[in-house]
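Asker: Here you go, sequence then predicted model.
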2 protein chains.
Amino acid sequence: MDQLRETLKVHQLRTTTCREDVLSTFINKKNALSHGDLEGALGENYDRVTIYRTLKTFLEKGIIHKVLDDEGLRYALCSHSCSEEKHQHDHIHFKCNICGKTNCLENQLIPEIALPQGYKPENFNLLIQGTCPSCNN
Amino acid sequence: MDQLRETLKVHQLRTTTCREDVLSTFINKKNALSHGDLEGALGENYDRVTIYRTLKTFLEKGIIHKVLDDEGLRYALCSHSCSEEKHQHDHIHFKCNICGKTNCLENQLIPEIALPQGYKPENFNLLIQGTCPSCNN
DNA sequence: ATACTAAATACAATGATGTTGCAAAAATAA
DNA sequence: TTATTTTTGCAACATCATTGTATTTAGTAT
């Protein structure tokens, strides 16, 4: 896929098979992935450490962002153009308690929230847990 | 403190010095604590494993709840009476990027949020990162 | 108070997770 | 193609978390 190489190039990263595979895994799976998920998917082909470093690089370059859920840390693609300088994420994350998948709801923005005097908010991270449409039958 | 024994009793837990110490640490420190924090505070007196199991028990009994931030998992006291059957937390968590402390803003409730068709929300977890009043000068 | 029973703890062992340094390999530039 | 820089794999290490079991302790009955 030229799409992958293009994305890497935009973020000034050399194209390597590991980076292409990690990126395409994110694109295909759609939901948020932990290091362990990626190791499960690609561990035969790449060293654990390389996957860690790939995630770290993607994070710094603004290709992926952190997603927190009660099980720990996961990562998901940044849909809007994030860069090394600025990550901007005001969308909601939803974790399904049935299938266990965590997704970005790109169109659901976190509403304005009034904080007590003295608090200066900079980043927002909202996780909603419940049942997703696929499991809600 | 009789207060501690009382809390443990309400949740049908035997009073042990470890549980009393963990509980009083939560009460004194006020902010959310990780296992590592507790190990730092009480590690001389109790085995790491015991602290893990104490946290797990408190979590199950509804004495503490999980607090997520970008560094990982922490725990904070449940202010309103949670129980083994039901945890209910609709308040905001605030992490200060300067002092690194994470706190519950018990009075700041998470506003109603409209989700797309099919999503059935059950739990909300909102973390706001920024600067807290103590560090905001 | 003492003995009994169930629960909690300490310790050891193991597994999972994440990091660092360095030599070998691969990707870009010349 | 060769030179230069980046990336990868490997080994070692450090941290974090879990499990099993024998011992100890808390609560209860005697």
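Answerer: Good, I have the coordinates.
Asker: Leaving out the residues flanking it, which one is nearest to the residue lying farthest from the centre of chain A?
Answerer: What lies farthest from the middle of chain A is residue A:117; by C-alpha atoms, centre = their mean that is 32.2 Å. Among residues not flanking residue A:117 along the chain, residue B:133 sits closest, at 7.0 Å (C-beta to C-beta, 6 or more residues apart in numbering or on different chains). Every C-beta, even on glycine, is put in place using the N, C-alpha and C of the backbone.
Asker: Okay, the one you found and residue A:94: tell me how far apart.
Answerer: Distance, residue B:133 to residue A:94, using C-beta to C-beta, to the nearest Å: 31 Å.
Asker: who's more crowded, those two?
Answerer: residue A:94 (26 against 14; other C-beta atoms under 10 Å in any protein chain shown).
Asker: okay, the helix or strand that contains that one in CSV with CA atoms only?
Answerer: Following DSSP states H and E, one finds residue A:94 within strand A:91-96. The C-alpha atoms that make up strand A:91-96 are tabulated as CSV, following Å, rounded to 0.1, in the frame of the first residue of the first chain:
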residue,chain,number,x,y,z
HIS,A,91,-13.3,13.0,21.3
ILE,A,92,-14.7,10.3,23.5
HIS,A,93,-13.4,6.8,23.9
PHE,A,94,-15.9,3.9,24.3
LYS,A,95,-15.0,0.6,25.7
CYS,A,96,-17.4,-2.3,25.3
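Asker: Heading C-terminal from it, find the next helix or strand.
Answerer: Criterion used, DSSP H and E; the element after strand A:91-96 is strand A:102-109.
Asker: In that following strand, which residues are buried?
Answerer: Using 16 or more other C-beta atoms under 10 Å in any protein chain shown as the test for burial, strand A:102-109 gives A:102-105, A:108.
Asker: cool, stretch A:29-43 as well?
Answerer: In stretch A:29-43, counting by 16+ other C-beta under 10 Å, buried: A:31-35, A:37-39, A:41-42.
Asker: Could you export the residues you listed to TSV, including columns for secondary structure, distance to DNA strand D and pLDDT?
Answerer: Formatted as TSV, the buried residues of stretch A:29-43 follow (DSSP: H, G, I helix; E, B strand; the rest coil; distance: C-beta to the nearest atom of the strand, whole Å; pLDDT from 0 to 100):
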residue	secondary structure	distance to DNA strand D	pLDDT
A:31	coil	22	96
A:32	coil	19	97
A:33	strand	17	97
A:34	coil	13	97
A:35	helix	13	98
A:37	helix	17	97
A:38	helix	12	98
A:39	helix	11	98
A:41	helix	14	96
A:42	helix	9	97
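Asker: As CSV, the residues you listed with distance to DNA strand C would be great.
Answerer: Below are those laid out as CSV (distance: C-beta to the nearest atom of the strand, whole Å):
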residue, distance to DNA strand C
A:31, 17
A:32, 14
A:33, 11
A:34, 7
A:35, 4
A:37, 10
A:38, 10
A:39, 7
A:41, 13
A:42, 14
